[in-house]
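> Sequence and predicted structure below; questions after.
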Amino acid sequence: MTQPIFLIGPRGCGKTTVGLELARLCQSEFVDTDHWLQTQAGQSIADIVEQEGWESFRARETATLEAVTAGSGIIATGGGIILSAYNRQFMREKGIVIYLCAPVPVLVERLEASPEEGQRPTLTGKPISEEVSAVLAERDALYREAAHHVVDASLAPEDVVQNIVAALHLACAS
Ligand SMILES: Nc1ncnc2c1ncn2[C@@H]1O[C@H](COP(=O)(O)OP(=O)(O)OP(=O)(O)O)[C@@H](O)[C@H]1O
Ligand SMILES: O=C(O)C1=C[C@@H](O)[C@@H](O)[C@H](O)C1
Ligand SMILES: [Mg+2]
């Protein structure tokens, strides 16, 4: 692998889970923009948003994307990274972009089981099921615009990983 692989998609589609497994299998570096940003800031995303607002978080997110993008490796991004046209173009130009696509009920079930509120403060103030539906309706076209490949993320993590390996013709351990 000579280029970074960016995993994009909504909250709960499995970017972090699948990214870690893909990196293990391909013996690649792994970085997660949400985790990197929070470690650098010494604060949770919820605290950053509460103190500085979403605009400030989005600026930090773009700076993070630039900082973590190097040579090769697997990069799990935040769910809203595609809101910025700059970020979409940056990812497409620097590497291979994979959209982990899953239907609303699957996302809702995962997020209700594991809300991680420090990393996922509310985007709309609505209950999770309404929020996921509204946000995906707004963003699906942006994920597709940014992506080189779309994979079904409703499968088990190991199957999602295998489908990515097949789509990219990656030579990885099995
Ligand atoms: N393919 C999968 N099958 C079943 N559960 C999954 C799958 N992928 C992820 N999960 C579970 O769903 C939850 C959210 O997964 P994960 O944190 O990887 O999503 P994410 O896309 O990184 O979300 P965010 O955008 O908030 O960072 C976790 O509890 C994880 O264990
Ligand atoms: O979907 C979003 O806009 C977000 C998703 C998370 O990964 C975090 O990046 C943050 O909570 C914003
Ligand atoms: Mg994640």
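Now that the structure is in, tell me what you want to look at. Ligands and ions are numbered 1, 2, ... in the order given.

> count of residues packed around residue 110?
If you count neighbours by other CB atoms under 10 Å, residue 110 ends up with 19. Placement of C-beta: from N, CA and C, glycine included.

> Enumerate every residue touching it.
12, 14 (CB atoms under 8 Å, 6 or more residues apart in numbering).

> Per-residue confidence, it, what does it come out as?
With respect to pLDDT, residue 110 has a value of 98.

> near ligand 1 at all, the one helix or strand it maps to?
In the assignment (DSSP states H and E), residue 110 maps to helix 104-113. Yes - against ligand 1, helix 104-113 shows contacts by CB under 6 Å from any ligand atom at residue 110.

> Quick check: buried residues in that helix?
Neighbour-count burial for helix 104-113, counted by 16 or more other CB atoms under 10 Å, picks out 104, 106, 107, 108, 110, 111.

> ok, those vs ligand 1, which is closest?
residue 110 (3.5 Å; CB to the nearest ligand atom).

> how close does that closest one get to residue 80?
To residue 80, residue 110 is 17 Å away according to CB to CB, to the nearest Å.

> just curious, which of the buried residues of helix 104-113 is nearest to residue 24?
residue 110 (20.6 Å; CB to CB).

> residues contacting whichever residue of the chain sits closest to ligand 1?
Distances between the chain and ligand 1 by CB to the nearest ligand atom are smallest at residue 14, namely 2.8 Å. Going by CB under 8 Å, 6+ apart, residue 14 touches 100, 102, 110, 153, 157, 160.

> and the residue nearest to residue 81 when sequence neighbours are not counted, how many neighbours?
With sequence-adjacent residues excluded and distances taken as CB to CB, 6 or more residues apart in numbering, residue 81 is closest to residue 87, at 5.1 Å. Residue 87 sits with 24 neighbouring residues when counted by other CB under 10 Å.

> same deal with residue 31?
19.

> what about the residue in the chain that ligand 3 sits nearest to, how many residues close to it?
Minimum separation of the chain from ligand 3 (CB to the ion) falls at residue 16, amounting to 3.3 Å. For residue 16, the count of nearby residues is 20 (other CB under 10 Å).
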